[in-house]
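> Only the shape, not the letters, is given here:
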């Protein structure tokens, strides 16, 4: 399908007017607007922020911030560490709803990963988000000079390789919005994922790159983000409409490839991969809707009864609306949203109106609603690079405090019969097991080793790792049910008998392992979670 070009020359667009904030509709849910603002600020802050900083950045009263954060804590989206609010992996269920509804990552990620392995370069998939691009998949290479971009990060279109390709389909209104943003934020300081631009290129430069992308069918980024970073991009088109579904990019460093080298040596292989991706889209099986979230409306009501005014029920109910979307639930009507969430139609309608105002969903001509890529701005990027050890640490700390014994996480290494401790929290005892993160030891004869090597549901080993110590371990499973880690504690034999370990410690270990698995399964749905 021919690329769409604007009906008037973008370079000749009139001086853009100063943007005027669009007031929220009368039916918008104010607590939901405030909750989204807090989640976005936490995301911008890297996932952690003092409450006082959230008060300043959102402009909300401190009492309001406290109530919003308290509600997010109750929902499991935030945890508190002193006066710091910290995003938890469970908040990724909001971004997961968008990615599942979009379906592109699950259909194309294997092709992107295989290309990254073939080329030994980073490969990304991105979608358009207004006048920017947002990543939906990253297959990165681990080396001294590697990418720091994360799934969900938003970049300005003019400083990327995918941007000109998406701009070939912009309307005149899109170009006007781009000019307006350029005029009001010339240094790109509204894009925290990229360094600012002290000397931005003139608008004509992006116009020319767009015209060339329309003619060539591919696009280059020659160190537009920062010195040394180069990329080549090719669009992946919808099989029915011919419009761009996403853009696949190969990203490298000038120490390995110049931009011209990417074009001459890697572009042909990228094009072959994109052809295979488009074939996958054409032959994709029909959507198979999974079960929508259940009992959320009842849960929010019970939480309100328990916590009183400190729990903002309208915020919690509003956020559940986003989770109504997902695999096979891409376009939902008001009635379908109300049915999926158990909310009253009026409540669901006000939440949808609020999200449309905030840019988190759009409504089509058939009155169906669709999530936009901006849903990924609600906590997804800072957590998309989370390791298993980082994910487990809050749970290990809680476990160690409850049982008054150290808690550790261990995984198998690439050497047969060897384990490595990847996370550890000490206990406050004069005598306590000294386990250091990174330590590699033989698996044989250790409780964690028996769990990892023999797939035992739990193991108790006496006199390990030395005389006088007693250890107990339970497995941690991934989304496919495979044992990928072992959670354990080690106590002095004088403090607990074997029977007491089984009776008192085992249930705590099992509960903690289930919490770690819950976070892992949410985090790993569309991201890779390394051991450490």
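Yep, that arrived. In this text the structure is predicted, and so the values were computed from the model without any measurement.
> When you work out contacts or count neighbours from here on, use the C-alpha atoms and nothing else.
Noted.
> Low-confidence stretches in the stretch 101-250 of the chain?
143-147 (pLDDT under 70).
> now with 90?
140-149, 184-190, 192-201, 225-226 (pLDDT under 90).
> Tell me where it has helices.
104-119, 162-167, 172-184, 203-216 (DSSP state H, counting those that start in this stretch).
> Using TSV, lay out those helices together with mean neighbour count and distance to residue 80.
Listed next are these as TSV, based on neighbours: other Cα atoms under 10 Å; distance: least, Cα to Cα, whole Å:
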stretch	mean neighbour count	distance to residue 80
helix 104-119	17	32
helix 162-167	29	38
helix 172-184	17	36
helix 203-216	17	44
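> Include distance to residue 38 when you put the ones you listed into JSON lines, please.
Shown next, in JSON lines, are the helices of the stretch 101-250 of the chain (distance: least, Cα to Cα, whole Å):
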{"stretch": "helix 104-119", "distance to residue 38": "27"}
{"stretch": "helix 162-167", "distance to residue 38": "29"}
{"stretch": "helix 172-184", "distance to residue 38": "23"}
{"stretch": "helix 203-216", "distance to residue 38": "33"}
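> Would you mind saying which of those lies nearest residue 385?
For the helices of the stretch 101-250 of the chain, distance to residue 385 was read as Cα to Cα. The smallest value, 15.9 Å, belongs to helix 104-119.
> Distance from the chain centre to the closest one, please.
18 Å (Cα atoms, centre = their mean, to the nearest Å).
> For that helix, give me every contacting residue.
Outside helix 104-119, the residues that touch it by Cα atoms under 8 Å, 6 or more residues apart in numbering are 99-100, 122-125, 136-137, 139-141, 248, 250, 266, 270, 273, 276-277, 280-281, 284, 526.
> go with 7 Å
99, 122, 123, 136, 137, 139, 273, 277, 280 (Cα atoms under 7 Å, 6 or more residues apart in numbering).
> Which among the helices of the stretch 101-250 of the chain is found nearest to residue 323?
Of those, nearest to residue 323 by Cα to Cα is helix 104-119, at 17.7 Å.
> just checking, what packs against the worst-scoring helix or strand of the chain on mean pLDDT?
None of the helices or strands of the chain scores lower by mean pLDDT, DSSP states H and E than strand 459-462, at a mean of 73. Secondary-structure packing of strand 459-462 (3 or more Cα pairs under 7 Å, 6 or more residues apart in numbering; DSSP states H and E): helix 447-454, strand 469-477.
> Identify the neighbouring strands of that strand in the sheet and state each direction.
Note on strand 459-462: by DSSP bridges, its sheet partners are strand 469-477 (antiparallel).
> Tell me what angle the partner strand forms with helix 447-454.
Strand 469-477 and helix 447-454 are oriented at 40 degrees to each other (axes from the mean of the first three to the mean of the last three Cα atoms, to 10 degrees).
> re earlier: could you dump the contacts of helix 104-119 into TSV with distance to residue 39 and neighbour count added?
Output for these, formatted as TSV (distance: Cα to Cα, whole Å; neighbours: other Cα atoms under 10 Å):
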residue	distance to residue 39	neighbour count
99	18	26
122	29	23
123	28	28
136	19	26
137	22	27
139	26	23
273	36	20
277	34	22
280	35	16
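> Now tell me what touches the strand or helix carrying residue 401 from outside.
Per DSSP states H and E, residue 401 falls inside helix 388-403. Residues from elsewhere that reach helix 388-403, judged by Cα under 7 Å, 6+ apart: 406-407, 422-423, 425, 427, 505, 512, 516, 529-532.
> hmm, try it at 6 Å
406, 407, 422, 423, 425, 516, 531, 532 (Cα atoms under 6 Å, 6 or more residues apart in numbering).
> Can you name the element that comes right after it?
Next along from helix 388-403, by DSSP H and E: strand 407-412.
> Listing partners with orientation, what would you give for that next one?
strand 418-425 (antiparallel), strand 483-492 (antiparallel).
> State the mean pLDDT of that strand.
Summarised as a single mean, pLDDT over strand 407-412 is 95.
> List the buried residues for it?
407, 408, 409, 410, 411, 412 (16 or more other Cα atoms under 10 Å).
> Adding distance to residue 62 as columns, could you present those in CSV?
As requested, these are exported to CSV (distance: Cα to Cα, whole Å):
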residue, distance to residue 62
407, 36
408, 37
409, 38
410, 41
411, 43
412, 46
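> now, the most widely separated pair of those residues?
407 and 412 (17.2 Å).
> Residue 345 and residue 334: what is the separation?
7 Å (Cα to Cα, to the nearest Å).
> Repeat that for residue 106.
For residue 106 relative to residue 334 (Cα to Cα), the value is 26 Å.
> likewise residue 167?
Taken as Cα to Cα, the span from residue 167 to residue 334 is 32 Å.
> for residue 159, same thing?
38 Å.
> same thing with residue 397?
Distance from residue 397 to residue 334, by Cα to Cα: 43 Å.
> Scan the chain for its longest helix.
Secondary structure assigned by DSSP state H gives helix 506-523 as the longest helix of the chain.
> And this protein, what are its domain boundaries?
When the chain is parsed with automatic domain parsing, its domains come out as 10-90+294-383, 104-282, 388-523.
> got TSV for those domains, with distance to residue 288 too?
Below are the domains of the chain laid out as TSV (distance: least, Cα to Cα, whole Å):
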stretch	distance to residue 288
domain 10-90+294-383	5
domain 104-282	13
domain 388-523	19
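> Now residue 49: which helix or strand?
Residue 49 belongs to strand 48-50, assigned by DSSP H and E.
> Show me what that strand is packed up against.
strand 84-87 (3 or more Cα pairs under 6 Å, 6 or more residues apart in numbering; DSSP states H and E).
> which other helices and strands contact the strand it packs on?
Against strand 84-87 (3+ Cα pairs under 6 Å, 6+ apart) you get strand 48-50, strand 78-81.
> Looking at these, which is nearest to residue 457?
Using Cα to Cα, these put strand 78-81 closest to residue 457, at 29.4 Å.
> Let me see the mean pLDDT of that closest one.
97.
> For it, which helices and strands make contact with it?
Using 3+ Cα pairs under 6 Å, 6+ apart, strand 78-81 is in contact with strand 84-87.
> Now with 10 Å, please.
Counting contacts by 3 or more Cα pairs under 10 Å, 6 or more residues apart in numbering; DSSP states H and E, strand 78-81 packs against strand 48-50, helix 62-75, strand 84-87.
> ok so, going back, give me the distance between the longest helix of the chain and the centre of its chain.
With Cα atoms, centre = their mean as the basis, the mean position of helix 506-523 lies at 20 Å from the chain mean.
> Then stretch 142-158?
Centre to centre, stretch against its chain (Cα atoms, centre = their mean), the figure for stretch 142-158 is 13 Å.
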